[in-house]
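1. Return a 3D structure for these sequence lines:
(chains A and B)
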Amino acid sequence: MTRANTAIILDHYSSIITSVRDRLYRLALRVVNDADDAEDVVQDVLVKSWGQREKIVCLDNPPAWLLRMTKHQAIDRLRSARVRSARETEAAIPDHEARTPYRIAAANDTLSHVHRLLQQLPPDQRMVLHLREVEGMEYQEISEATDLSMQQVKTYLHRGRHKIRALLLKEKIVQP
Amino acid sequence: MMTHSEAEILLYRYFEGETSLDEELRLREYFRAGDIRSDLAELDPMFAYWDEAAQIVAPPAKQTAIRRRIPVRRLSAAAAAAVLFFAVGSWFNQPAGLTNFPIAEAESTTIDWSKYEVTDPEEAYKVLRNALGTASAEMNRSARITVREISAARNALK
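-> Purely as a prediction, here's the structure:
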């Protein structure tokens, strides 16, 4: 491979990463629900993708490929975090500050409430909702990015929207 | 500007998963505008949340150095070249006249072996008898091992 080709690949790869990085972070955040973990997930994805940059620049839909990688990486991280959290909870002393006024106020914030409701959904449903509502992606794109069939994407979206509405009604959350 | 009844119809289709991205964008704008019919207001937090979530951006990238991987073949070739270089270098740099046993050779010049020489015939006979005894024992041991192995093989073949 000539030096010129390498430079072209590098430029193309860099522009792909620049355009998709925020989306990868938001998706990772949606799954792992922790800013530091989400950042680590994106970093891992970028490091791995660097090794495959020549392949990535030749793909029809590089963002979908990177989103899929982020999804898998985030789910792996979530699983290991759950294991870790379970172990830590067993060893941890009780949290006496769990109900401080500050925490109650923060929990009452409307958007935090919606966020909490959303976190009650299974990861796949959450991801599909996120990619549609936040990233504005078509069903086909979501299917490619999540490894789910079109039918699954539609089903998860339908269920997710209904569940969020039901939870909003149940908890009577109103935007101030 | 979307009317309340249009919004209601679109919302129905939205929950049935029948809306396009453009229609969903129009719904979003309806809620963003703030003039929401009271019976639709319950959905406002949801749309506000999606708007908020879309504003999140990734923090600046960590400065992680991505090390360029050197192919194994190149590494092996470099290692072989280095070994060859040092081998050739040390061969040519060794002092003249030095053999493979430099310490022994250096000592040989100072040791007077004559004082260890056996001059007494009886002493010489003892040394010889001991040496032959050791050799004989070792030879018998070898024969015993051979006999034992052959018997084991025979037993196994039975």
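2. I'd guessed residue B:23 sits against residue B:9; true?
-> No: the pair residue B:23 / residue B:9 is not scored as a contact, 10.0 Å apart, by CB atoms under 8 Å. Bear in mind the C-beta positions are built from the backbone N, C-alpha and C, glycine included.
3. okay, the two: which has more neighbours?
-> More crowded of residue B:23 and residue B:9, by other CB atoms under 10 Å in any protein chain shown: residue B:23, with 15 against 12.
4. which residues sit against the one helix or strand the more buried one maps to?
-> For residue B:23, the host element (DSSP states H and E) is helix B:21-33. If you take CB atoms under 8 Å, 6 or more residues apart in numbering or on different chains as the criterion, helix B:21-33 is touched by A:132-133, A:136, A:138, B:1-2, B:7, B:10-11, B:13-14, B:19, B:36, B:43-44, B:47-48, B:50-51.
5. Show me just the buried residues among those.
-> Neighbour counting with 16 or more other CB atoms under 10 Å in any protein chain shown marks A:132-133, B:2, B:7, B:10-11, B:14, B:19, B:36, B:43-44, B:47-48, B:50 as buried within the contacts of helix B:21-33.
6. of the residues you listed, the lowest pLDDT goes to which?
-> Scanning the buried ones among the contacts of helix B:21-33 for pLDDT, the low point is residue B:2. It has 86.
7. sec struct for the residue in chain B that chain A sits nearest to, please.
-> Proximity of chain B to chain A (CB to the nearest CB) peaks at residue B:58, 3.5 Å away. Following DSSP: H, G, I helix; E, B strand; the rest coil, the label given to residue B:58 is coil.
8. Quick one, grab the pLDDT at it.
-> 91.
9. The residue lying closest to it once chain neighbours are set aside: what's it in contact with?
-> What sits nearest to residue B:58 in space, not counting adjacent residues and going by CB to CB, 6 or more residues apart in numbering or on different chains, is residue A:25, at 3.5 Å. Residue A:25 makes contact with A:38, A:39, A:42, B:56, B:57, B:58, B:59, according to CB under 8 Å, 6+ apart.
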